[in-house]
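> turn this into a model:
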Amino acid sequence: MLKRAMKQAFSLRLGLVMLLVVVLGMSHAEAQDERWQQLKRSYFGDTVVHTGDELVSLDAPKRAYDAATVPITITAVDGHRQIRELYLFVDQNPLPLAGIFRFTEEAGYWHALETRIRINEYTHVRAVAVLDNGELHMSERFVKASGGCSAPALSDMDAAMARAGKMKLLLDEVNDSDELPYSEAVIKISHPNNSGMQFDQVSRNYIPAFYVNNIVAELDGVRILDIETNFSMSENPVVRLAFEAGRKAKTLSVIAMDSKGNHYEKSASMSRS
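Predicted coordinates for the structure are as follows:
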């Protein structure tokens, strides 16, 4: 009788634990959804946001190896629908809107955009595309990562500050077609991109926020891309854009600014194989 009572008590406790797990899981999921609903209302009002990967597709790791540098790729799936703006959200980050990417007509039909972001806790990452007719289309992925916004810098802070603003640029012609030259532009900016949440073990103080907040790319003096961003983009920001420019460009120029008002510029000529 005692063994039977013990088994029943154990089964009851196990059932209560499982019920608690389900309830807490539902509460967490509901909180995640409510966070997104708030963001959607703030940025898009009552406009319908279509969900799916038919027009834009987001690729991100299910579990990030390093929460401070999570690689993502956003692909424009339909080459006949032009995307004018791209909103990148990391729902649970302190600054959930990681970036707004604005494409001009000179950028033509772009194929893929790659960058690296910080993730502070388990979260949905969302790419919302604004088409030229105003429609909104979203691709989303859930990423398991945490601590990315408070993780210490990978490099020595004094050295990182000294290198802040230095750039490496690449403009390459992937498909040498006279009608639709398929090109890629790669922008690498050396910058600590401090979030204000990182702790200096030497001074015992938090490192003040200091990050790139605007990146503008031009082809032969004509703007193709304008990015508004913040510390949700990783240390040493990287952006790669693959696109059909509609013409052969000779020079890629980049202008970047950070949260202290510093202004950085660099140009690079087309690489040819």
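
> what's the spacing between Met257 and Gly165?
Met257 sits at a distance of 10 Å from Gly165 (criterion: C-beta to C-beta, to the nearest Å). Glycine gets a C-beta too; all of them are placed from N, C-alpha and C.

> mind listing the shared neighbours of those two?
Tyr264 (C-beta atoms under 8 Å, 6 or more residues apart in numbering).

> what's in contact with stretch 46-65?
Surrounding stretch 46-65, the residues in contact under the criterion C-beta under 8 Å, 6+ apart are 40, 70-78, 81, 83, 86, 119, 125-129, 131, 134-145, 148.

> do the same with stretch 71-89
Identification of contacts with stretch 71-89 by C-beta under 8 Å, 6+ apart yields 36, 39, 43, 53-61, 96-103, 109-117, 124-132, 139.

> buried among those residues? Need that as a selection in PyMOL.
Entered in PyMOL, the line below selects the buried ones among these, by 16 or more other C-beta atoms under 10 Å:
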select buried, resi 36+39+43+55+56+57+58+60+61+96+97+98+99+100+101+102+103+109+110+111+113+114+115+116+117+124+125+126+127+128+129+130+131+139
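
> restricted to strands, list the contacts of stretch 71-89.
Among the contacts of stretch 71-89, the residues falling in strands (DSSP state E) are 56-59, 97-103, 109-117, 124-131, 139.

> for Ala129, see how far away Met167 is.
Counting by C-beta to C-beta, the gap from Met167 to Ala129 is 27 Å.

> just Thr73 next, same as before
14 Å.

> helices of this protein, residue ranges please.
Here the chain has its helices, by DSSP state H, at 2-44, 157-163.

> among those, which gets the worst mean confidence?
Note on the helices of the chain: helix 2-44 shows the lowest mean pLDDT, a mean of 65.

> show me what contacts Pro96?
Counting by C-beta under 8 Å, 6+ apart, Pro96 touches 35, 39, 89-90, 232.
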